[in-house]
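J.: When you get a sec, could you give me coordinates for this:
(one chain, ligands or ions: 2)
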Amino acid sequence: MRALCWEGADTLAVRQVPDPELRNAQDMIVRVRRSATCGADLPLLAGRLPYLAAGDVLGHEFLGEVVEIGPEVRRHRVADRVVVCAGVACGACWFCRQGLFSCCDNGTTGAAASESAWGQPTGGCFGHPAPLGGFAGSHAEYVRVPYADVGAFTVPEEVSDDRAVFASDAAPTGWMGAELGEVAPGDVVAVWGAGAIGQLTAGAALLRGADRVIVVDAHDDRLRMAERHFGAEPLNYRYVDVPAELRERTGGRGPDVCVEAVGMAAERPGLLAGRRGGDADRPLALREAVHACRKGGTVVVLGTWTGFVDAFPMGAVMHKGLTVRSARQHGQRWIPMLLDRMARDQLRTEHLATHRLPLEQGPDGYALFRDRADGCVRAVFSP
Ligand SMILES: [Zn+2]
Ligand SMILES: [Zn+2]
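T.: Numbering: from 1, shown residues only. Ligands and ions are numbered 1, 2, ... in the order given. Here you go, the predicted model:
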């Protein structure tokens with residue numbers, strides 16, 4: 001089959017690779033219909049994660065058609081249209097039973113690698129190297145889905161591929177952002193990053209009853225999108241001092257919940273300069289979120305971080321009584337609810353797929369996505 005492979009820093013190519021096969025009784029094979037780029041791919045693309053090897057297949061947000069099922073798969077049949085959670089989890093360990101699917105004890109083939117990086121093994125994610133699973137990604141014609149009954153969900157007929165694909169990763173991540181922030185009616189929420197996850201966090205916060213959501217970004221086209229599709233208030237950090245403006249817009253108090261949806265992908269001047277291969281980064285958006293958050297408020301970290309950050313404002317966390325929460329999404333918990341909201345037209349996501357391309361144009365799609373060129377929010381590939 002054809003697949004989009006990482007070939008070295010900033011280099012991708014479509015190659016012929018072996019077809020995936022069932023390896024366990026709970027596996028199934030899915031023929032990919034849609035596979036989206038994600039901000040979490042950018043550190044991989046740049047070669048900033050150890051264990052990534054030339055020939056690894058990227059991609060973790062996808063939707064497709066079941067073509068083969070293992071003998072223990074109960075919830076799916078051949079020809080079902082399914083969206084698959086980006087995270088891989090067993091559904092049976094202590095952590096999965098608490099709903100902490102991305103913390104699964106059995107979701108990675110590289111437990112030793114994640115244990116050495118973070119102290120304990122975590123769940124996996126498609127299209128990531130050993131510490132995050134070691135499973136081949138979805139930018140391919142076919143993908144093997146482990147624990148198929150846990151991570152794959154049948155898509156209601158009325159939801160289009162272009163809408164449902166975002167139930168794999170961006171929508172559950174955004175939903176989790178609002179949930180970790182315990183966003184409640186009347187809250188003012190600020191979100192750093194107007195990409196797909198930032199926009200879907202804004203949408204989730206408003207569905208949970210937030211009074212106002214302010215989205216912070218450098219790109220007016222994305223900010224306008226967040227305003228038009230989710231009713232968020234735009235704030236472009238190129239033109240104003242963000243904490244001062246947020247104080248101004250909240251009667252001097254600051255937002256109740258601040259969500260950082262930027263991570264290592266932050267593009268403020270100098271942020272990534274000279275850092276390739278290094279693990280530490282200056283968390284500019286995260287620092288600003290901590291600084292701007294009202295006393296006693298909650299800061300939620302959704303952006304992708306892999307190692308250490310420099311100069312984290314711990315003093316502000318302590319003296320302002322902040323709560324800081326973070327996770328990789330536990331999508332298995334929310335995907336059925338999100339698909340249901342999509343079916344009822346409460347949640348619309350298809351506008352996020354600004355660039356729909358054949359898999360062959362994967363390298364171009366990533367260049368557009370990485371550089372935020374031509375208004376690209378997400379490139380979505382069809383093999
Ligand atoms: Zn992702
Ligand atoms: Zn588990």
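J.: Next, see if the helix or strand bottoming out on mean pLDDT in the chain gets close to ligand 2.
T.: Here the helix or strand of the chain ranked lowest by mean pLDDT, DSSP states H and E is helix 111-118, holding a mean of 86. No: judged by Cβ under 5 Å from the ion, helix 111-118 stays clear of ligand 2, getting no closer than 11.9 Å. The way it works is simple: take the backbone N, C-alpha and C, and place the C-beta from them, glycine included.
J.: near ligand 2, anything from the very next helix or strand once past that helix?
T.: Next helix or strand after helix 111-118 toward the C-terminus (DSSP states H and E): strand 124-125. No: Strand 124-125 does not reach ligand 2 (Cβ under 5 Å from the ion); its nearest approach is 10.1 Å.
J.: Who are the packing partners of strand 124-125?
T.: Packing contacts for strand 124-125, counted by 3 or more Cβ pairs under 8 Å, 6 or more residues apart in numbering; DSSP states H and E, involve strand 87-88.
J.: Off-centre distance for the strand it packs on?
T.: The chain centre lies 12 Å from the centre of strand 87-88; the measure is Cα atoms, centre = their mean, to the nearest Å.
J.: now do stretch 121-132
T.: Relative to its parent chain, stretch 121-132 has a centroid offset of 14 Å by Cα atoms, centre = their mean.
J.: ok, now stretch 132-151?
T.: 16 Å.
J.: Kindly report the same for stretch 227-242.
T.: With Cα atoms, centre = their mean, you get 21 Å for stretch 227-242.
J.: can I get the CA coordinates of that stretch in PDB?
T.: Taking C-alpha atoms only, stretch 227-242 is exported to PDB below (Å, rounded to 0.1, in the frame of the first residue of the first chain):
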ATOM      1  CA  GLU A 227     -15.600  34.100  15.500                       C
ATOM      2  CA  ARG A 228     -17.800  33.100  12.600                       C
ATOM      3  CA  HIS A 229     -18.200  29.400  13.400                       C
ATOM      4  CA  PHE A 230     -18.000  29.300  17.200                       C
ATOM      5  CA  GLY A 231     -18.900  32.800  18.300                       C
ATOM      6  CA  ALA A 232     -15.500  33.400  19.900                       C
ATOM      7  CA  GLU A 233     -14.100  37.000  20.400                       C
ATOM      8  CA  PRO A 234     -10.800  37.300  18.400                       C
ATOM      9  CA  LEU A 235      -7.700  38.800  20.000                       C
ATOM     10  CA  ASN A 236      -4.600  39.100  17.800                       C
ATOM     11  CA  TYR A 237      -1.400  39.200  19.900                       C
ATOM     12  CA  ARG A 238       0.500  40.900  17.100                       C
ATOM     13  CA  TYR A 239      -1.400  44.100  17.800                       C
ATOM     14  CA  VAL A 240      -2.000  44.200  21.600                       C
ATOM     15  CA  ASP A 241      -0.500  43.200  25.000                       C
ATOM     16  CA  VAL A 242      -2.500  40.100  25.700                       C
END
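J.: Let's test this: mean pLDDT of that stretch, rounded?
T.: The predicted model assigns stretch 227-242 a mean pLDDT of 95.
J.: Mind listing residues that contact that stretch?
T.: Stretch 227-242 is touched from outside by 190-191, 194, 199-200, 202-203, 206, 212-220, 223-224, 226, 245-246, 249, 288, 292, 348, 351, with contacts defined as Cβ atoms under 8 Å, 6 or more residues apart in numbering.
J.: Now intersect the residues you listed with the helices, please.
T.: Applying DSSP state H to the contacts of stretch 227-242, the entries found in helices are 199-200, 202-203, 206, 220, 223-224, 226, 245-246, 249, 288, 292.
J.: TSV for the residues you listed, including distance to ligand 1?
T.: Shown next, in TSV, are the ones in helices among the contacts of stretch 227-242 (distance: Cβ to the ion, whole Å):
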residue	distance to ligand 1
Gln199	14
Leu200	12
Ala202	17
Gly203	17
Leu206	22
Asp220	24
Leu223	21
Arg224	23
Ala226	18
Glu245	29
Leu246	27
Arg249	30
Glu288	22
Ala292	25
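J.: What's the ChimeraX syntax to select whichever of the residues you listed are buried?
T.: A single ChimeraX command selects the buried members of those (16 or more other Cβ atoms under 10 Å):
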select :199,200,202,203,206,223,226,245,246,249,288,292
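J.: what's in contact with the least confident helix or strand of the chain?
T.: Tyr51, Thr108, Gln120, Pro121, Thr122, Pro129, Ala130, Pro131, Leu132, Thr306, Gly307.
J.: Kindly report the same for stretch 368-379.
T.: 36-38, 42, 45, 166, 170, 195-196, 199, 219, 221-222, 225, 267, 352-357, 365-367.
J.: List the buried residues of that stretch.
T.: Those would be Leu368, Phe369, Arg370, Arg372, Cys376, Val377, Arg378, Ala379, for stretch 368-379 by 16+ other Cβ under 10 Å.
J.: is that stretch up against ligand 1 anywhere?
T.: No: judged by Cβ under 5 Å from the ion, stretch 368-379 makes no contact with ligand 1; its nearest approach is 10.0 Å.
J.: gap between the two ends of that stretch?
T.: 8 Å (Cα to Cα, to the nearest Å).
J.: mind listing what Trp291 touches?
T.: That one is not Trp; residue 291 is His. Neighbour list for His291: Pro243, Pro313, Ala316 [criterion: Cβ under 8 Å, 6+ apart].
J.: Now those in a markdown table, please, with extra columns for neighbour count.
T.: Formatted as a markdown table, the contacts of His291 follow (neighbours: other Cβ atoms under 10 Å):
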| residue | neighbour count |
| --- | --- |
| Pro243 | 16 |
| Pro313 | 17 |
| Ala316 | 16 |
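J.: Ligand 1: which of those is nearest?
T.: Set against ligand 1, the nearest of the contacts of His291 by Cβ to the ion is Pro313 (26.3 Å).
J.: Leaving out chain neighbours, which residue sits closest to the residue of the chain found nearest ligand 1?
T.: Residue of the chain nearest ligand 1, by Cβ to the ion: Cys38 (3.1 Å). Distances taken as Cβ to Cβ, 6 or more residues apart in numbering put Glu61 closest to Cys38, at 5.4 Å, once the chain neighbours are dropped.
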